[in-house]
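Chemist: Sequence first, then the predicted structure, then my questions.
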Amino acid sequence: MWKCKECNISVATRFELLKHIRLEHNHRQRYACIHTDCPCSFKTWNALHIHLSRFHHKDNFQESSELSTFTCHLCACCDLHTERDYFVHIGTHLRSNETVTCMFSDCSFQTNIYATFHSHKNRKHNPHTLKDFKPGIVRTTQSSRETCDVTENDLQNDDDDNFDEKFSGSCLSGPKNLTGSLLKLEHFAHVAGTKLDEFLEELHYLHSCTLPLSAEVLEELFQKHGVATDKSVILDIAGALNASNPIFKALDKGSPLSTCYLRNQYYKDTFKLVEPIEYILDCSKKSSFQYVPLLKSLRQLFEKKNIVDKVVENHEGQNRNRVSGEQHTYRSSQDGSYFKENAFLSGNELRILVNLYADDFEVCNPLGTSRRKHKLCGIYWTLSNMPPGSHSSLSSIYLAILCKSDDLKVHGLDRILHPLLRDVKTLEQDGLFIPLLGRCLKGTIQVVVADNLGAHTFAGFNESFSGGYICRFCTATKTDIQTNSVKSHSLTLRTNELHESHVQTAELTGTSCFGVKRHCSISKTLDHFNVLTGYPPDVMHDIFEGIVPVELARCLALLISKKYFDLDTLFFFFLNFIFYFIIYKTNRPHEIPRTFSTRKTIGGNCHENWALLRHLPFIIGHLVPDEEMEWQLLMDLKDIVELVVAPTHTDESIGYLEFKISDHRHKYQYLFPDVPLLPKHHFLEHYPQLIRAFGPLVGHWTLQFEAKHSFFKQVIRHTNCFKNVPLSLATKHQLMMSYHLNSSTYEKDGLEITKASKVPVDVLKWEMAQVIEQKFSSASDIDLTKCVSYKGVTYRNGMILVHGSTSGLPDFGEIIHICVVQKTLCFMVKRLSGWYREHFRAFELTPCPSKKKTFWWQWRNWQMFTLWLIILLDQLEW
């Protein structure tokens, strides 16, 4: 029996399994190989078929009752089991310049050139069957009944009810798959609805034109079987068959898929769409905003068993860590002090944790004439109950509110947030019933993620950072941060009592008080959200698009002024630097503008600046002496960045980060005494305290949320519909999300392999075979691959892994083989010894001097933070 890897259904033949996957799992993000012992998966259906024909050619004919063996007519080789193996063997003779006589009957062609033989076979003997070979080349034997997937008796005993059930299932799956395909065309590929209507109309017309051809085919079949039938009867049968086709029947005039309007209605019913609700702000100006009901979205989300299982598993894991006393490791927001101090969230009862994100974005060209006219404010949310790393996919980020930025300024934040906060208030007090758990779960908003401007707007603080009180964590002014550091404890941290007095004073006087302009709408409405503990910092805007480009520009300008290199040399080394592996090629930094010294910044976005800072020591590090203060400042900034974005923290690493930030401040002010510190320099000084409070800050950055904007920009670019932009975008987004939620592969596959070779253990080198037998005593073969991806992280042969430490120094290994043994991913690595080079902030790796150069490493801890470089490694997991 052939077993489906997705739903565990078993079918009798390989063809039925492929048909089942095509009908029932056509919406998969990746198609897994149908063979149980093959770990490969593919993005497209065609790639799966190519894999099956190339690597499972023998297994594809398990149903045949005859087995064929090929014998070479040039040598004694006689155990070639497939035609492909036979012609590969013939190719070895040709490449040895041996003369080969054509193996097909009645052909005397001879050649010793491979290309000539290949051309002859394609021109003269294509297509061909096994009977076309000369006698003695193909030997056919009958296979035993046990080896066949389906026996003749099995086919005869297949009852009619089972056949009807399978047939009806296929008929139902056809229109459903057609609906999903049309939805993807309209709302993923953004094909215009009118163009799709024209295409379907033309397709339906072409189908109706096949009636005479169908009648001719039926007439030939009847004549072949000796059945005398009147031509009118044949036409009636052909017409009935064409009309009964469930796919084309769904395209008839007036059917659910015939027009754009009817399709959208059918999409809503089929995929259980959570429709956005339009709230009118001003009828005269036709201003409104779209709200996607939070409770309905949560209910739809918790109908998926795999999500409920992950939420429960993550909650139980947090409870076990709390009982075991692990208090000094910060892996998620639930390890932070703010979460633990919240009695509603940190109790033993499971709560629904919602993280909000708010940001303004342009859907039109920001340099065009329509800039700001259609600028939107989007409020998204994620489910924080999921384990770290579960929100990397854009399909795990949900829409709550979409409105125009101008309407938000005119009508106020309280009115826009009212329907959302009303649902969250219901969630806090009454909870949401989860059928899979059989009980109600209460919840609330845990944090609001936003850039500094957005956070201050939602929290009620000053929205200007050019002067006055600039910080939402303390009462420092822009003047105070130039002389006082956070570490000096000379700045007053905001407390609940202090903030409440500032709010009251601001409301009485009508002016801001210590940077507070008004109350926070969210904390005023909800019982378990606090304005001082609900707005974490944003690493992306503070560091990668704030501090890093400014300090790089200033330090590079100083190094150029000291004649260590000039602009031409800098650009030469930058343009000719080789970025290894796709992970670095994809995020290759942009070319530094030649006017960076006058602009006082190099510009660039987050991932480009991160990649530039990481590779800077290898680009120009050899041109700068060790003792240069500018270089030390940049390397300290690099250390700070790597510590801030770490996914796991301890009290020791946080203490070291605090020291590095303080030292970096002193060096910066020493090098640039006349340059004032940026407000983001001050925010950075709060990071050690905020990591203890919020957990790893990389879990709250806005990078993945800003990528969500791209969907709306693509929609507006393709539709060119500006009549009611929030309504159009929200509806298309919800259709896209409903499709994802109704798919059985809502999340990406954990292990992704596109090409693997199955190798018996006994043909491996003795060292590898010995280790495999020790770790997996029952394994008879392994799957070797050169590239594997797990949860978005790609590993290739030649990469460097960190796998522990010896005497306080990390141990390194170069991947020489990647293999899958009994569904377990393992690496065979070569030991490398490392010597830390302070100037490059990296390890110089050399082959290990010990005799034992290879060892087995079984990859079990997928949470480990692993980065690599070919020559030097610049990031570690201690």
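Modeler: Thanks, I have the structure now. Residues are numbered from 1 along each chain as shown.
Chemist: Every contact and neighbour count from this point should use C-alpha atoms.
Modeler: Noted.
Chemist: ok, residue 422 - how many residues close by?
Modeler: Neighbour count of residue 422, defined by other C-alpha atoms under 10 Å: 14.
Chemist: which stretch of helix or strand covers it?
Modeler: Taking DSSP states H and E as the criterion, the element that holds residue 422 is helix 413-429.
Chemist: ok, now residue 716?
Modeler: helix 709-719.
Chemist: Give me the average confidence score over the helix holding residue 422.
Modeler: Mean pLDDT, helix 413-429: 95.
Chemist: who touches residue 208 in this structure?
Modeler: By C-alpha atoms under 8 Å, 6 or more residues apart in numbering, the contact set of residue 208 is residue 242.
Chemist: Roughly how far does it sit from residue 202?
Modeler: According to C-alpha to C-alpha, to the nearest Å, residue 208 and residue 202 sit 10 Å apart.
Chemist: What count of nearby residues applies to residue 395?
Modeler: 17.
Chemist: before we move on, what about residue 622?
Modeler: The tally of other residues near residue 622 (other C-alpha under 10 Å) stands at 11.
Chemist: Next, it: secondary structure please.
Modeler: With DSSP: H, G, I helix; E, B strand; the rest coil as the basis, residue 622 sits in helix.
Chemist: can you give me the strands in the stretch 701-850 of the chain?
Modeler: 751-752, 757-760, 781-785, 787-790, 793-796, 800-806, 809-821, 824-837, 842-847 (DSSP state E, counting those that start in this stretch).
Chemist: Out of the ones you listed, which gets nearest to residue 695?
Modeler: strand 793-796 (22.6 Å; C-alpha to C-alpha).
Chemist: Does anything pack onto the closest one? Which helices or strands?
Modeler: strand 787-790 (3 or more C-alpha pairs under 8 Å, 6 or more residues apart in numbering; DSSP states H and E).
Chemist: Just checking: what are the partner strands of the strand it packs on?
Modeler: When sheet partners are counted by DSSP bridges, strand 787-790 sits next to strand 751-752 (antiparallel), strand 793-796 (antiparallel).
Chemist: winner for burial among the ones you listed?
Modeler: Mean neighbour count (mean count of other C-alpha atoms under 10 Å) peaks for strand 751-752 among the strands paired with strand 787-790, with a mean of 20.
Chemist: now what about it, what contacts it?
Modeler: Outside strand 751-752, the residues that reach it (C-alpha under 8 Å, 6+ apart) are 39-42, 788-791.
Chemist: Check which residues of stretch 799-814 are buried.
Modeler: 799-802, 810-814 (16 or more other C-alpha atoms under 10 Å).
Chemist: Among these, which pair sits farthest apart?
Modeler: 799 and 810 (15.7 Å).
Chemist: For the helix holding residue 716, list the C-alpha coordinates in CSV.
Modeler: Output of helix 709-719 as CSV, limited to C-alpha atoms (Å, rounded to 0.1, in the frame of the first residue of the first chain):
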residue,chain,number,x,y,z
HIS,A,709,3.4,46.0,3.8
SER,A,710,4.7,44.6,0.5
PHE,A,711,1.5,42.6,0.0
PHE,A,712,-0.7,45.7,0.0
LYS,A,713,1.8,47.7,-2.2
GLN,A,714,1.6,44.9,-4.8
VAL,A,715,-2.2,44.8,-4.7
ILE,A,716,-2.6,48.5,-5.3
ARG,A,717,0.1,48.4,-8.0
HIS,A,718,-1.8,45.8,-10.0
THR,A,719,-5.4,46.8,-9.3
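Chemist: Could you give the separation of it from the chain centroid?
Modeler: Counting by C-alpha atoms, centre = their mean, to the nearest Å, helix 709-719 is centred 19 Å from the centre of its parent chain.
Chemist: try stretch 277-290
Modeler: 35 Å.
Chemist: List the buried residues in it.
Modeler: 277-278, 281, 287-290.
Chemist: Restricted to strands, list those residues.
Modeler: 277-278, 281, 287-290 (DSSP state E).
Chemist: Now render the residues you listed as CSV, adding distance to residue 502 and pLDDT.
Modeler: Shown next, in CSV, are those (distance: C-alpha to C-alpha, whole Å; pLDDT from 0 to 100):
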residue, distance to residue 502, pLDDT
277, 36, 95
278, 36, 95
281, 31, 92
287, 34, 90
288, 33, 93
289, 32, 95
290, 33, 96
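Chemist: What is whichever helix or strand residue 94 is part of packed up against?
Modeler: Assigned by DSSP H and E, residue 94 belongs to helix 83-95. Contact here means 3+ C-alpha pairs under 8 Å, 6+ apart; on that basis helix 83-95 packs against strand 100-101, helix 114-124.
Chemist: Give me the contacts around that helix.
Modeler: Here helix 83-95 makes contact (C-alpha under 8 Å, 6+ apart) with 70-72, 80, 99-100, 112-114.
Chemist: now stretch 535-549
Modeler: Contacts for stretch 535-549 (C-alpha under 8 Å, 6+ apart): 447-452, 455, 459, 601-607, 609-610, 613, 637, 641, 644-645, 678, 680-681, 683-684, 687, 690, 694, 697-698, 700-703.
Chemist: Take those and keep only those in helices.
Modeler: Among the contacts of stretch 535-549, the residues falling in helices (DSSP state H) are 452, 455, 459, 606-607, 609-610, 613, 637, 641, 644, 680-681, 683-684, 687, 690, 694, 703.
Chemist: Can you flag the buried ones in the residues you listed?
Modeler: When the ones in helices among the contacts of stretch 535-549 are checked for burial by 16+ other C-alpha under 10 Å, the buried set is 452, 455, 459, 606-607, 609-610, 613, 637, 641, 644, 680-681, 683-684, 687, 690, 694, 703.
Chemist: so where is the stretch 701-850 of the chain shaky, pLDDT-wise?
Modeler: Along the stretch 701-850 of the chain, the parts satisfying pLDDT under 70 run over 744-750, 849-850.
Chemist: Any stretches of this structure with poor pLDDT?
Modeler: Low-confidence segments of the chain (pLDDT under 70): 1, 26-29, 57-67, 141-176, 323-327, 365-372, 581-586, 744-750, 849-878.
Chemist: mind checking the SS state of the residue of it positioned farthest from its centre?
Modeler: The C-alpha centroid of the chain is most remote from residue 228, which lies 61.1 Å away (C-alpha atoms, centre = their mean). Under three-state DSSP, residue 228 falls in the coil class.
Chemist: Residue 286 and residue 715, how far apart?
Modeler: 22 Å.
Chemist: between the ones in strands among the buried residues of stretch 277-290, which is closest to residue 412?
Modeler: Of these, the one sitting nearest to residue 412 (C-alpha to C-alpha) turns out to be residue 281, at 10.4 Å.
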